[in-house]
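S.K.: what's the 3D shape of this:
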Amino acid sequence: MDKVKIGIVGTGYIGNVHGRIYARDARAEIAALFDIIPERMAETAKHIGGRICASREELLDHCDAVLVCAPNKTHPEIATAAVDAGKHVFCEKPFAIGIDEAAGLLAVAKSSGKVFQVGHSRRFAPLYVKLKELLSDDVPHSAHIKMNRGELLQPAWTGDTNVTGGFLYETTIHFLDQLRFQFGEIEELIAYGSQHEYPEIDEFSVIFRFRNGFHCTFASSADAGWMFPFERIEVFCHHRTIVAEEMVRLFDGQGTSADYATHSFHMLDDDARKGFAAEDAAFISSIVDGTPTAVTADDGYKAVELVEAVYESIRTGQSIRF
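M.R.: Residues are numbered from 1 along each chain as shown. So this is what the prediction gives:
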């Protein structure tokens with residue numbers, strides 16, 4: 001098969017990450033770029049190649065697969081146009097903003113005869129792959145999970161809900177997807193929130209109960225300090241504790257002794273350690289070899305559903321059942 005011609009809509013940080021990876025993939029070719037900021041698009045083309053397009057329509061005429069890497073609120077419109085044009089689609093997270101738009105895009109994706117993958121990259125991070133492997137041999141019953149950042153005022157758009165759709169739609173949605181990936185389907189949640197850094201709720205405490213009986217606490221903070229690790233999962237099994245810190249190191253303590261095994265991933269480069277390289281390889285494999293889509297439109301929809309459920313629980317003071 002000829003190389004898959006890749007078109008990238010949005011040449012900011014994440015568009016360049018994926019472009020850099022596909023420029024090295026022998027099965028792919030960077031064919032076309034489009035961005036509303038021409039200078040940024042031109043700079044990207046210098047490094048990874050690709051036709052500089054004057055419109056999204058021109059890009060669709062010159063590629064087989066579209067990477068949707070533009071701001072969050074534009075994802076459904078761009079992805080729908082790509083599906084309508086008969087293209088394979090890689091849609092960065094979030095899948096959409098709000099249940100109505102997510103449901104609309106889910107219907108579009110399911111009507112497509114092409115590959116549609118959602119960019120929840122942490123599923124591919126070697127540390128989280130290893131955590132899932134360890135948990136498959138045991139019966140986890142509960143966990144503490146947290147994701148915090150220090151000051152996040154730069155870039156300014158991170159605090160603009162007209163761009164992000166809300167705090168939970170940025171990095172935190174990765175962890176809501178990670179909960180399903182690691183522990184199964186969620187049955188109920190109750191959430192509490194407050195506002196500290198941005199002009200919106202940006203501090204969250206959530207309790208989750210899963211259909212399989214597993215339960216966990218989750219905290220996400222926008223204005224904590226920059227103390228490592230920024231994200232941490234502490235899972236409890238019978239006489240076993242597994243701790244995942246950032247995407248760098250994992251500790252596994254079993255039995256009643258204080259000894260534990262350490263798995264370290266700090267020597268991997270960023271593209272591999274953060275899962276970007278593996279998720280991009282999976283997308284091309286689905287196109288070229290027909291392998292099952294690694295993160296489906298259903299997965300993208302369910303992550304949006306969880307975000308909206310957390311906001312609804314905070315607004316109403318009620319638990320949300322699924």
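S.K.: Just the pLDDT at residue 78, thanks.
M.R.: On pLDDT, residue 78 comes in at 98.
S.K.: same thing with residue 152?
M.R.: The model reports residue 152 with a pLDDT of 63.
S.K.: likewise the one 10 residues further on?
M.R.: The model reports residue 162 with a pLDDT of 83.
S.K.: State whether it and residue 71 are indeed in contact, as I suppose.
M.R.: No: the criterion here is CB atoms under 8 Å, and residue 162 misses it with residue 71 at 9.2 Å. Every C-beta, even on glycine, is put in place using the N, C-alpha and C of the backbone.
S.K.: Tell me the secondary structure at residue 283.
M.R.: Three-state call for residue 283 (DSSP: H, G, I helix; E, B strand; the rest coil): helix.
S.K.: Would you agree it is in contact with residue 90?
M.R.: Yes: with contact defined as CB under 8 Å, residue 283 counts as touching residue 90 (5.1 Å).
S.K.: any common contacting residues for those two?
M.R.: Common contacts of residue 283 and residue 90 (CB atoms under 8 Å, 6 or more residues apart in numbering): 65, 117.
S.K.: Please pull out the lowest mean pLDDT helix or strand from this structure.
M.R.: helix 161-164 (a mean of 84; mean pLDDT, DSSP states H and E).
S.K.: if I look at residue 38, how far off is residue 15?
M.R.: 14 Å (CB to CB, to the nearest Å).
S.K.: More neighbours: which of these two?
M.R.: For residue 38 versus residue 15, the count of surrounding residues by other CB atoms under 10 Å is larger for residue 15: 24 against 12.
S.K.: who's in contact with that one?
M.R.: Counted by CB under 8 Å, 6+ apart, residue 15 has contacts 8, 9, 35, 44, 67, 69.
S.K.: The same query, at a cut-off of 10 Å, please.
M.R.: Residue 15 is in contact with 8-9, 33-35, 40-41, 44, 48, 67-70, 92, counting by CB atoms under 10 Å, 6 or more residues apart in numbering.
S.K.: what does residue 135 give?
M.R.: Neighbours of residue 135 in contact, by CB under 10 Å, 6+ apart: 143, 182, 183, 214, 235, 237, 240, 242.
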